[in-house]
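# Sharing a model prediction with you, sequence too.
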Amino acid sequence: MQAISRRLAQESLWPAALASSLNSLYPVAHYYNGADHPRGGSTLTPKGVGHLVRKGTGGRSSVSGIIATVFGATGFLGRYVVQQLAKMGSQVLVPFRGSEDSPRHLKLMGDLGQIVPMKYNPRDENSIKAAMAKANVVINLIGREYETRNYSFEEVNHHMAEQLAVIAKEHGGIMRFIQVSCLGASPSSQSRMLRAKAAAEEAILRTLPEATVMKPAMMIGTEDWILNTWAHFAKTYSFLPLIGDGSTKIQPVYVVDVAAAIVAALKDNGTSMGKVYELGGPEIFTLHELAELIYETIREWPRYVKVPIPIAKAISTPRELFLKKVPFPLPTPNIFNLDQIHALTTDTVVSENVLTFTDLGIVPHKLKGYPVEYLIQYRKGGPQFGSTISERVSPDAWP
């Protein structure tokens with residue numbers, strides 16, 4: 001009997017020991033953590049996440065110690081951020097509000113069980129808290145460059161970000177908060193989206209002074225909205241409309257570099273906390289030069305129609321007027337997006353004497369070459385059509 005009693009006593013200690021070891025590896029934080037973290041007090045650690053437990057060789061089957069909730073993970077930048085986090089052994093919580101298929105492509109990026117889709121409602125505070133409950137890192141990628149009947153610029157780009165910062169502050173275990181804004185965000189911008197992004201930056205840094213803000217320029221990549229839209233339009237209609245005279249300067253950046261910058265900020269020892277980074281590519285293009293790059297890649301003779309800004313605004317205004325007055329959703333704007341036209345009236349380049357990729361130890365890719373190679377899908381004769389610039393074919397010569 002005594003032997004049996006001793007054995008039962010030893011077995012009863014196993015659950016407590018197992019729970020203790022799991023909590024040391026994956027600390028589960030409550031929304032409010034008692035006297036240690038009073039409600040309303042910032043809980044972000046000054047050390048960043050550099051001290052977290054790491055096990056393994058650093059690959060996808062390792063344990064990085066990072067449990068990141070990535071809001072907006074199903075978007076353009078989100079898939080690259082999730083991939084960068086997952087390949088280093090982090091667990092990624094993916095809140096989504098659409099179909100169950102929305103985060104499906106992300107689950108393949110990490111080891112078994114490391115990518116966790118979570119249904120949530122951005123207007124429901126409790127569902128946001130549930131998405132953050134076990135996280136120690138929060139990354140906000142939510143943003144949209146056009147309005148819909150249900151979501152305005154201010155709600156998507158400002159109020160949602162501010163709400164995430166407030167909940168993260170009350171959480172009790174969030175070590176890093178990263179907000180992805182937009183290069184050119186300013187309270188004085190003509191663009192409502194850029195004004196909303198600037199208001200979000202101010203609100204987040206006021207709520208969480210230790211937060212990190214990333215301000216990427218126009219992002220280029222396989223799923224981007226600008227080069228794909230322009231190339232498809234040029235292929236379909238044999239010309240490309242240029243807003244204004246095409247002289248506005250932009251500094252497009254490869255989306256993979258932006259994702260690498262976010263992960264680099266996470267992996268430091270807190271040196272990026274409370275700082276703002278402007279992320280632009282190594283080259284500055286005018287809109288006309290960017291269009292030339294598209295035509296060079298799809299191997300066609302360039303044809304442009306320069307649309308004066310007042311006329312472009314007149315073309316895009318009806319959608320904004322009837323957006324919330326008709327009982328059905330209106331088409332998504334592409335080239336003639338009124339807010340984007342406002343944004344493209346001024347140059348959008350990295351400012352002087354600011355933190356950039358260099359301060360994160362990253363050398364951004366030049367745009368010409370691999371970053372725009374995906375545009376070969378728009379060649380009229382197939383991906384192998386033509387071989388040099390001299391062999392570009394005029395659209396008039398195509399039957």
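Yes, it's here.
# Just the helices from the stretch 51-200 of the chain, written as ranges.
Under the criterion DSSP state H, counting those that start in this stretch, the stretch 51-200 of the chain contains helices at 76-86, 125-132, 153-154, 160-171, 192-207.
# Mean neighbour count, distance to residue 102 and mean pLDDT for those helices - can I get that in a markdown table?
(Glycine included, C-beta is placed from N, CA and C.) Putting these into a markdown table (neighbours: other CB atoms under 10 Å; distance: least, CB to CB, whole Å; pLDDT from 0 to 100) gives the following:
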| stretch | mean neighbour count | distance to residue 102 | mean pLDDT |
| --- | --- | --- | --- |
| helix 76-86 | 23 | 10 | 96 |
| helix 125-132 | 18 | 14 | 95 |
| helix 153-154 | 18 | 22 | 94 |
| helix 160-171 | 22 | 17 | 95 |
| helix 192-207 | 21 | 22 | 96 |
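# Pull the distance from stretch 190-199 to the chain's centre.
Offset of stretch 190-199 from its chain centre (CA atoms, centre = their mean, to the nearest Å): 17 Å.
# before we move on, what about stretch 189-203?
Between the centre of stretch 189-203 and the centre of its chain there are 16 Å (CA atoms, centre = their mean).
# For it, give me every contacting residue.
Residues from elsewhere that reach stretch 189-203 (CB atoms under 8 Å, 6 or more residues apart in numbering): 143-145, 153-154, 156-158, 161-162, 165, 179, 181-182, 184-188, 213, 276, 339-340, 342-343, 345-346.
# repeat that for 6 Å
145, 153-154, 157-158, 161-162, 181-182, 184-187, 213, 339, 342-343 (CB atoms under 6 Å, 6 or more residues apart in numbering).
# Ok, stretch 73-84 next?
70, 72, 92, 94, 96, 102-103, 106, 109, 141, 223, 255-256, 259, 262-263.
# rewinding a little: in strands, which of the contacts of stretch 189-203 appear?
Secondary structure from DSSP state E places residue 213 of these in strands.
# follow-up on the earlier one: any chance of a PyMOL selection covering the buried ones in the contacts of stretch 73-84?
Here is the PyMOL command that selects the buried residues among the contacts of stretch 73-84 (16 or more other CB atoms under 10 Å):
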select buried, resi 70+72+92+94+96+102+103+106+109+141+255+256+259+262+263
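# Which members of the contacts of stretch 73-84 are positioned in strands?
Reading strands off the contacts of stretch 73-84 with DSSP E, I get 70, 92, 94, 96.
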